[in-house]
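1. sequence and predicted structure, then a few things I'm wondering about:
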Amino acid sequence: MRAGALLGAAAAVELLHLAPAAVRLPPVRRHLARRTAGHGARGHLALTFDDGPDPRGTPPILDALDALGIHATFFLLGDMLERAPDLGRELVVRGHEVAVHGWHHRRPYRPAPARDLRELRRTTEAVTALTGSRPLWYRPPYGVLTTGLALAARHLDLRPVLWTTWGRDWEPGATGPTVYATARPGLTGGATLLLHDSDCTSAPDSWHATLAALPLIAAHCHHHGLTLGPLRDHAIPTTGNPAQAGPRRPSRR
């Protein structure tokens, strides 16, 4: 009886811990958590990148975005930023928006609220100090938003946001055309696109596929009359101080 009660209590704790992760399910994203999913202004498509800054993948992607005249939101990992601080600063200098992806890219399947807050604060402070730009957004690794991570983000005035479509650019064998073809059904007004500028958690050199897909995605948006840009222009309400709400331009250094 006691063992059963302990197992039941453990299951309840785990259920409470993972409850917010339901937002990752497509029906929940579409109908019950549209803002957290990344739905925004109808004429705008938010372009986002995860897992950088990476000295191999990020510079060519930045050059491609410059050539296309497009800005994006980069969700940074603290341990990657610590290794490439100049590249993090360059993101902001080039007019892009920086956001928080966590310190490590781990699966948060076990409750660790103290660690969640400590690592999220550490990443937020690093992004602010090294780029000169205070982040507004948080995207949990793998899109798994737990109770501990949600509370930590709220405490730090970060707005959790996932995505509405992706290109599966992390997979072995991905190419520019396959990334575009996968993302294309979701490239509609108000969508948020997930891509990666690093292969630190993806197939080796997978960022080449992302790079090749960018002109195809930009052409699609141009053809359909959509503006492609960062989350700051996506009209998603932010949390925390009212003064922080709405679009926000990065500082320049």
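-> Okay, I see it. Numbers count the residues shown, from 1 in each chain.
2. can you pull out the strands in the stretch 1-150 of the chain?
-> Listed in chain order, the strands of the stretch 1-150 of the chain (DSSP state E, counting those that start in this stretch) span 44-52, 73-77, 97-102, 137-138.
3. for those strands, give me CSV that also has distance to Asp233, mean pLDDT and mean neighbour count.
-> C-beta here means a position set from N, CA and C on the backbone, and glycine is covered the same way. Shown next, in CSV, are these (distance: least, C-beta to C-beta, whole Å; pLDDT from 0 to 100; neighbours: other C-beta atoms under 10 Å):
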stretch, distance to Asp233, mean pLDDT, mean neighbour count
strand 44-52, 6, 98, 27
strand 73-77, 9, 98, 28
strand 97-102, 9, 97, 26
strand 137-138, 13, 97, 26
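4. the ones you listed into TSV, with extra columns for distance to Thr164?
-> TSV is the format used below for these (distance: least, C-beta to C-beta, whole Å):
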stretch	distance to Thr164
strand 44-52	9
strand 73-77	14
strand 97-102	16
strand 137-138	15
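5. out of these, which is closest to His222?
-> Closest approach to His222 among the strands of the stretch 1-150 of the chain is made by strand 44-52 (11.0 Å; C-beta to C-beta).
6. paired strands for that closest one, with orientation please.
-> strand 73-77 (parallel), strand 192-196 (parallel), strand 227-229 (parallel) (DSSP bridges).
7. can I get those in a markdown table with distance to Gly38?
-> As requested, the strands paired with strand 44-52 are exported to a markdown table (distance: least, C-beta to C-beta, whole Å):
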| stretch | distance to Gly38 |
| --- | --- |
| strand 73-77 | 10 |
| strand 192-196 | 3 |
| strand 227-229 | 13 |
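8. so Ala46 sits against Arg232, correct?
-> No - using C-beta atoms under 8 Å, Ala46 is not in contact with Arg232, being 9.0 Å away.
9. out of the strands of the stretch 1-150 of the chain, which gets nearest to Thr124?
-> Within the strands of the stretch 1-150 of the chain, the stretch nearest Thr124 is strand 97-102; the backing value is 5.5 Å (C-beta to C-beta).
10. how about the helices in the chain?
-> 2-18, 26-31, 34-37, 58-68, 78-83, 85-93, 113-131, 147-155, 176-183, 207-223 (DSSP state H).
11. which of these sits closest to His105?
-> helix 78-83 (8.4 Å).
12. state the mean pLDDT of the closest one.
-> For helix 78-83, the mean pLDDT works out to 96.
13. can you give the contact residues for it?
-> 51-54, 88, 102-104, 119, 122-123, 126-127, 130, 198, 200 (C-beta atoms under 8 Å, 6 or more residues apart in numbering).
14. mind giving me the PyMOL command for buried ones among those?
-> Buried subset of the contacts of helix 78-83, written as a PyMOL selection, criterion 16 or more other C-beta atoms under 10 Å:
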select buried, resi 51+52+53+54+88+102+103+119+123+126+127+130+198+200
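15. kindly format the C-alpha coordinates of stretch 96-104 as CSV.
-> Written as CSV, here are the backbone C-alpha positions of stretch 96-104 (Å, rounded to 0.1, in the frame of the first residue of the first chain):
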residue,chain,number,x,y,z
HIS,A,96,18.9,40.7,-35.4
GLU,A,97,17.0,39.9,-32.2
VAL,A,98,18.5,37.7,-29.5
ALA,A,99,16.5,35.4,-27.2
VAL,A,100,17.1,32.7,-24.7
HIS,A,101,17.2,28.9,-25.4
GLY,A,102,18.7,27.8,-22.1
TRP,A,103,22.3,27.2,-20.9
HIS,A,104,22.4,23.5,-22.0
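16. check the offset of it from the chain's centre.
-> 7 Å (C-alpha atoms, centre = their mean, to the nearest Å).
17. before we move on, what about stretch 188-203?
-> 8 Å.
18. check stretch 215-223 too.
-> The chain centroid and the centroid of stretch 215-223 are separated by 21 Å under C-alpha atoms, centre = their mean.
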